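>>> give me the fold of what follows.
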Amino acid sequence: MNHPHPEPAPGTGRAHHLDYRVAHLTDHLAAGPLGELGVRIEIRGEAVLLTGTVPSAHCRDEVVRLAREELPDHPVHFDLVVADASAPDHAEDLP
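I've put the predicted structure just below:
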């Protein structure tokens, strides 16, 4: 019997599609205007987790936007820290 939507072969389908989308997002972050290499992307079941340190809140917002655009059908979780590049407010006291 012919099925209009046959089951994907093992090793293909949704998991393979997610791997491809995550690889595309990784390339996009590294090669794009952000040049962001400090973000790690992990697949956790059907969800995706982005972790790392970014240089600014603007950069974090762009990473979040790009991830949501690239992975609209998957839950995406973020643990992105903005690096504090401000000057210290006091001198360090050394013994």
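>>> any idea which element the residue nearest in space to the middle of the chain lies in?
Nearest residue to the geometric centre of the chain (Cα atoms, centre = their mean): Leu50, 4.1 Å. Assigned by DSSP states H and E, Leu50 belongs to strand 47-54.
>>> same question for the helix or strand just after that strand, mean pLDDT?
Later in the chain than strand 47-54, the nearest helix or strand by DSSP H and E is helix 57-70. Mean pLDDT, computed over helix 57-70, is 94.
>>> the strands in this protein, which residues?
Ranges of strands within the chain are 39-44, 47-54, 76-82, based on DSSP state E.
>>> now for the second one, which elements pack on it?
Pointing back at strand 47-54 there. Helices and strands touching strand 47-54, by 3 or more Cβ pairs under 8 Å, 6 or more residues apart in numbering; DSSP states H and E, are strand 39-44, helix 57-70, strand 76-82. For glycine as for every other residue, the C-beta is placed from the backbone atoms N, C-alpha and C.
>>> may I see the buried residues of it?
48, 50, 52, 54 (16 or more other Cβ atoms under 10 Å).
>>> closest one of these to Gly35?
Val54 (11.1 Å; Cβ to Cβ).
>>> what about the worst-scoring helix or strand of the chain on mean pLDDT, distance to the chain center?
In the chain, no helix or strand scores lower on mean pLDDT, DSSP states H and E than helix 14-31, which sits at a mean of 88. Relative to its chain's centre, helix 14-31 lies at 9 Å (Cα atoms, centre = their mean, to the nearest Å).
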